[in-house]
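Asker: Everything below, folded, please.
(one chain, ligands or ions: 2)
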Amino acid sequence: MCKRLFDAPVDEKEACKIQHNNRGWSAMNYETLDPANQRVGDFKESFNFGDFADGKAQQPIPPTIVADEPQISAFRDLCYNLSLKLNTLLGIGLEVTPPDFFTTAHLRSRGPSGTILRFLRYPPRSALGQPTTSNDVRAGAHSDYGSLTLLFRLRGQPGLEILLRDGKTWSPVPVVPPGTEDDPAPPILMNIGDLLSYWTNGLLRSTVHRVVFPSSGAGAGAGAAGGGLVEGETDLDGMRYSIAYFCHPFGGAELGSVPSERVKAYKGGLAEGNPYAERKVLTADEHLKMRLKASYAQLYKEE
Ligand SMILES: O=C(O)CCC(=O)C(=O)O
Ligand SMILES: [Fe+2]
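Answerer: Numbers count the residues shown, from 1 in each chain. Ligands and ions are numbered 1, 2, ... in the order given. Okay, the predicted model is just below:
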């Protein structure tokens, strides 16, 4: 479905261009996740889905995937249900009072949220019209803007790296970590985002990560990504595909530290856990707007 979407004629995608509501299509190099260090934007295309109502998207959708809307909506619902469970487990683990503190902040009944289901496609270097430098990345270094992220990747498509505590070493995140080799699909990766970092004074770290071009070997160029992919998929032309579900609480949720003895006892400090943090209590909406403005310079330049 991702392949069909991104293969759609460019005017179909153009008609769904990303808006200030963070929904829609973002073209190659349009988003820059690490503006301080990138020469050009990310070498990726993405499509963000916001809310659905009765299986219908509440935003323009390329005709090519209109028939898929109910399935995308159902998948988004599954991600939502899983994110609520994970939020409950985090509340229990951190001894937050009440333990469903995070969960209730995420209920759809609380109001609109920044939650986004995102399809992503990253071309191989060989498919780019422009020469790339060693500094160019598929997705620049960043932390995620929501509370937690669910990430779905494909076998044979490495590239995701996290920044270690030392602040300079990048470590690859295996798609199929040891013990999951026999799973029918790679496990869902869960990442902590900025909001859980705010809420826990940095006890939960908003992991800085990026997506790099493979240097050589698996997934490096056209054809190389064929081996070990999902059954039936042999022709992805070296493209890397992923899907991210960015879980956000309702827009008015305040990001002060949560009632928890464990959080209170944590002395690591917010600055260590979240590079963007200042100790001013923002709402989820204020934080999201701030982050979007930094990564979509073109979209926000008139303001
Ligand atoms: O594609 C991936 O593996 C990661 C994407 C990502 O970090 C993001 O979209 O925020
Ligand atoms: Fe990310």
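
Asker: ok, and the closest non-adjacent residue to the residue in the stretch 51-200 of the chain positioned nearest to ligand 1?
Answerer: Per CB to the nearest ligand atom, Leu160 is where the stretch 51-200 of the chain lies closest to ligand 1, at 4.1 Å. In short, each C-beta sits where N, CA and C put it, glycine included. Closest residue in space to Leu160, ignoring its immediate chain neighbours: Val173 at 4.5 Å, by CB to CB, 6 or more residues apart in numbering.

Asker: Is that neighbour in contact with Glu161, as I believe?
Answerer: Yes - between Val173 and Glu161 a contact is recorded at 6.5 Å, counting by CB atoms under 8 Å.

Asker: Overlap in contacts, the two.
Answerer: His209 (CB atoms under 8 Å, 6 or more residues apart in numbering).

Asker: And the residue of the stretch 201-303 of the chain found nearest ligand 1, what's its pLDDT?
Answerer: Per CB to the nearest ligand atom, Ser242 is where the stretch 201-303 of the chain lies closest to ligand 1, at 3.5 Å. At Ser242 the predicted local confidence, pLDDT, stands at 97.

Asker: Now for the residue nearest to Leu160, how many residues are close by?
Answerer: 18 (other CB atoms under 10 Å).

Asker: same check, this time on Glu261
Answerer: 11.

Asker: How about the residues of the stretch 101-250 of the chain by ligand 1?
Answerer: Arg118, Leu120, Ala139, Asp144, Leu151, Arg153, Leu160, His209, Val211, Ser242, Ala244 (CB under 6 Å from any ligand atom).

Asker: re the thing from before, report whether the residue of the stretch 201-303 of the chain closest to ligand 1 is found in a helix, as I expect.
Answerer: No - under DSSP: H, G, I helix; E, B strand; the rest coil, Ser242 falls outside any helix and is assigned strand.

Asker: I'd say it and Leu120 touch.
Answerer: Yes - counting by CB under 8 Å, Leu120 is a contact partner of Ser242 at 4.7 Å.

Asker: Would you mind checking which of the residues of the stretch 101-250 of the chain next to ligand 1 is nearest to Val281?
Answerer: Asp144 (19.8 Å; CB to CB).

Asker: Number of residues surrounding Val175?
Answerer: So Val175, with other CB under 10 Å, has 22 neighbours.

Asker: quick one: what helix or strand has it in it?
Answerer: Following DSSP states H and E, there is no helix or strand that holds Val175.

Asker: quick one: contacts for it?
Answerer: Contacts of Val175 (CB under 8 Å, 6+ apart): Arg153, Leu154, Arg155, Gly156, Gln157, Pro158, Leu160, Pro186.

Asker: Kindly report the same for Leu33.
Answerer: Asp42, Ala139, Gly140, Ala141, His142, Arg210, Ser295.

Asker: Leaving out chain neighbours, which residue sits closest to the fifth one?
Answerer: What it means is His142. That would be Leu33: by CB to CB, 6+ apart, it lies 4.0 Å from His142.

Asker: Appreciated, that's everything.
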